[in-house]
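Colleague: sequence-free structure coming up:
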């Protein structure tokens, strides 16, 4: 079975890429940016807050963004935030769900190719 073909059917639905880079921010700069991110999040600008929290690596903020995505049914986006936080307690159930789906797809593909 060609596993690559299994995933080709999903086309251009986005990618899941973990990025990690160190920022050259000192503690005061991070704190100021995190406060700004909290203001953005509380005012409803979740994407703006996400950018800030990704820049500073603010784990509590990333988890809150993940919770927001989870509530909106955006499981992959939630997983990305939980993974970057890292919050294994919240990421592992999503990983288990995705693993189940992948296993099911692989079995369907095997059945279709028989």
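Modeller: All right, it came through fine. Keep in mind it's a predicted model, so treat the numbers as computed, not measured.
Colleague: Sticking with residue 91, tell me its helix or strand.
Modeller: For residue 91, the element it lies in under DSSP states H and E is helix 88-112.
Colleague: Go through that helix and flag the buried ones.
Modeller: 90, 91, 94, 109 (16 or more other CB atoms under 10 Å). Placement of C-beta: from N, CA and C, glycine included.
Colleague: least confident pick among those?
Modeller: Minimum pLDDT for these is recorded at residue 109 (81).
Colleague: Could you list the low-pLDDT ranges of the protein?
Modeller: Low-confidence segments of the chain (pLDDT under 70): 1-23.
Colleague: Could I get the full set of helices for it?
Modeller: For the chain, the helices defined by DSSP state H occupy 3-8, 27-42, 46-56, 59-71, 75-84, 88-112.
Colleague: sorry, back to before: centre of the chain versus the helix holding residue 91, how much separation?
Modeller: Distance of helix 88-112 from its chain centroid, counting by CA atoms, centre = their mean, to the nearest Å, is 16 Å.
Colleague: Ok, stretch 49-66 next?
Modeller: Its chain's average C-alpha position is 11 Å from that of stretch 49-66, according to CA atoms, centre = their mean.
Colleague: Give me the contact list for that stretch.
Modeller: Residues outside stretch 49-66 that contact it (CB atoms under 8 Å, 6 or more residues apart in numbering): 23, 25, 30, 33-34, 36-38, 40-41, 46, 77-82, 84-87, 90.
Colleague: What of stretch 80-98?
Modeller: Residues from elsewhere that reach stretch 80-98 (CB under 8 Å, 6+ apart): 16, 18, 20, 50, 54, 57, 59, 62-63, 65-67, 69-70, 75, 78-79.
Colleague: how far does that stretch stretch from start to finish?
Modeller: Stretch 80-98 has an end-to-end distance of 13 Å (criterion: CA to CA, to the nearest Å).
Colleague: and the gap between the spatially most central residue of the chain and residue 69?
Modeller: By CA atoms, centre = their mean, the chain has its centre lying nearest to residue 80, at 1.6 Å. As for residue 80, its distance to residue 69 is 8 Å (criterion: CB to CB, to the nearest Å).
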